[in-house]
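# 3D model of this:
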Amino acid sequence: MGRVVVALGGNALNRAGEAGTYEETRTHVRETVAPLLSLLKAGHQLVLTHGNGPQVGALLLQQDATRREVPPLPMDVLGAMSQGWIGYLLQQELASAIRSSRLRHHVVTLLTRTEVSPSDPSFHHPTKPVGHFYPENEARLLRKQKGWTFVDDTARGGWRRVVPSPLPRHVLEAPWLKALLTARGVPPFVAILAGGGGVPVIRTASGPWVGVEAVIDKDRSASLLAHLLEAETLAIVTDVPAVQLGFHTSHPRPLGRVGPPELRRYLESGEFGEGSMRPKVEAALDFVSRGGARAIITDIRSLPEALEGKAGTVLVPAGPRAPGGAVSRAPPAGRRAHTPPHSPGNGGSSGRHR
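You can find the predicted model right below:
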């Protein structure tokens, strides 16, 4: 058994077509907890990260509705707010399930900052849509008052604000968490951190960290986090049991155990959507390329079996898929060689569920 970083997609919290109420979110979190509990029982050391796209979107809408009465907050603060409340909900439900199962684990939520480069090209060409649609006259006014960037998306409802989506360079709290994970005498615990990719910060010329108005792709951030923590496995949880080849055809087929050269060929041939599966595949490839024992892409129900090599898409440094697309057992997770952290490769946004 080894250290596993699990990146929970937005579907672990909200589903398409729902209102996104607290009760709905809590129900989905409880559904997510059961598979996570089975990982702890199997002896895995668990680190969780999560998306926050729908939640930050809701906060932006709330701010917009009350902006004449309550001064709005910048996006980095909204990211920190979403880390707090989503982490709290995950911590409450997982800790309750752990207590009922008589396990010894504690659960902690860590407010996390992620360093990005001030010279990242996305700051000059923001592309990540956030918030709701504005009429043109209001978009022009906000652009003048706040310096926001808008794109014309009238076909879908109006003008939309776009923000930068820079590549993560470092997760600032990762070294401290790693020290706790490896320290003797520390009771077993589950850490929840880097929600929504982490609060984006840059280092100023004078030294202090400063938050910036941006959105970090949570899968890229999870890949970097798993590398910094020297995790054996990165598990990217989405809403499908496995990566699909020919997803938009009449005969899609699941991709099981696969090696980097084959998966990269599929990526370069355009198999994976820019706003959905592509960034997850890129994050998986990035983690394995830097020494990770394996990366898994699957849904939450299939995650325990995927860790046994019996479900999901399992990317390993070498080895072909089993016949018929079935997943053969993954090799035992082992200690990886340490390599200096660097930014994951380029790719698209992770879409609605960050």
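
# show me the contacts for the nearest residue to A12 once chain neighbours are set aside.
Nearest residue to A12 in three dimensions, chain neighbours excluded: T32, at 4.5 Å (Cβ to Cβ, 6 or more residues apart in numbering). For the C-beta atoms, the positions are set from N, CA and C on the backbone; glycine is no exception. For T32, the contact set (Cβ atoms under 8 Å, 6 or more residues apart in numbering) comprises 8, 12, 90, 300.

# can you list phi and psi of T32 for me?
Main-chain dihedrals, T32, degrees, to the nearest 10: phi -70, psi -30.

# quick check: it vs W159, distance?
Using Cβ to Cβ, to the nearest Å, T32 is found at 35 Å from W159.

# okay, now Y88: neighbour count?
Residues contacting Y88 under the criterion other Cβ atoms under 10 Å number 12.

# what sits against it?
T109.

# how about low-confidence regions in the stretch 1-150 of the chain?
Applying pLDDT under 70 to the stretch 1-150 of the chain flags residues 10-11, 16.

# residue at max distance from the center of the chain?
Within the chain, the residue lying farthest from the chain centre (Cα atoms, centre = their mean) is N137, at 34.9 Å.

# assign that residue to helix, strand or coil.
Here N137 is recorded as helix under DSSP: H, G, I helix; E, B strand; the rest coil.

# and whichever helix or strand V190 is part of, what does it pack against?
Using DSSP states H and E, V190 sits in strand 189-193. Applying 3 or more Cβ pairs under 8 Å, 6 or more residues apart in numbering; DSSP states H and E, we find strand 189-193 packed against strand 45-50, helix 75-100, strand 106-110, helix 174-182.

# for the stretch 251-354 of the chain, give me the ranges with low pLDDT.
For the stretch 251-354 of the chain (pLDDT under 70), the answer is 275, 319-354.

# how does it look with 90?
Applying pLDDT under 90 to the stretch 251-354 of the chain picks out residues 251-252, 273-276, 318-354.

# what ranges does it have for its strands?
Applying DSSP state E, counting those that start in this stretch to the stretch 251-354 of the chain gives strands spanning 253-254, 257-258, 294-299, 313-315.

# what residues are up against the residue positioned nearest the centre of the chain?
By Cα atoms, centre = their mean, the mean C-alpha position of the chain lies nearest to K218, the distance being 3.0 Å. Residues in contact with K218 (Cβ under 8 Å, 6+ apart) are 7, 49-52, 194-197, 350, 354.

# which residues touch the closest residue in space to it that isn't next to it in sequence?
Counting by Cβ to Cβ, 6+ apart, G197 is the residue found nearest to K218 once chain neighbours are left out, at 4.3 Å. Each residue near G197 by Cβ under 8 Å, 6+ apart is listed here: 114, 168, 215-218, 220-221, 354.

# from these, which is closest to R67?
Ranked by distance to R67 (Cβ to Cβ), the contacts of G197 are led by V215 at 20.0 Å.

# which SS class is the closest one?
Under three-state DSSP, V215 falls in the coil class.

# that one touches G131, doesn't it?
No: counting by Cβ atoms under 8 Å, V215 does not reach G131; the two are 11.1 Å apart.

# out of those two, which sits in the busier spot?
V215 (28 against 19).

# would you quantify the distance from the more buried one to G198?
Separation of V215 from G198 (Cβ to Cβ) stands at 11 Å.

# name the residues contacting each of the two.
Each of G79 lies in contact with both V215 and G198 under the rule Cβ under 8 Å, 6+ apart.

# end to end, how far does stretch 213-232 reach?
Taking Cα to Cα, to the nearest Å, stretch 213-232 runs 32 Å from one end to the other.

# ditto for stretch 238-248
The first residue of stretch 238-248 is 17 Å away from its last residue (Cα to Cα).
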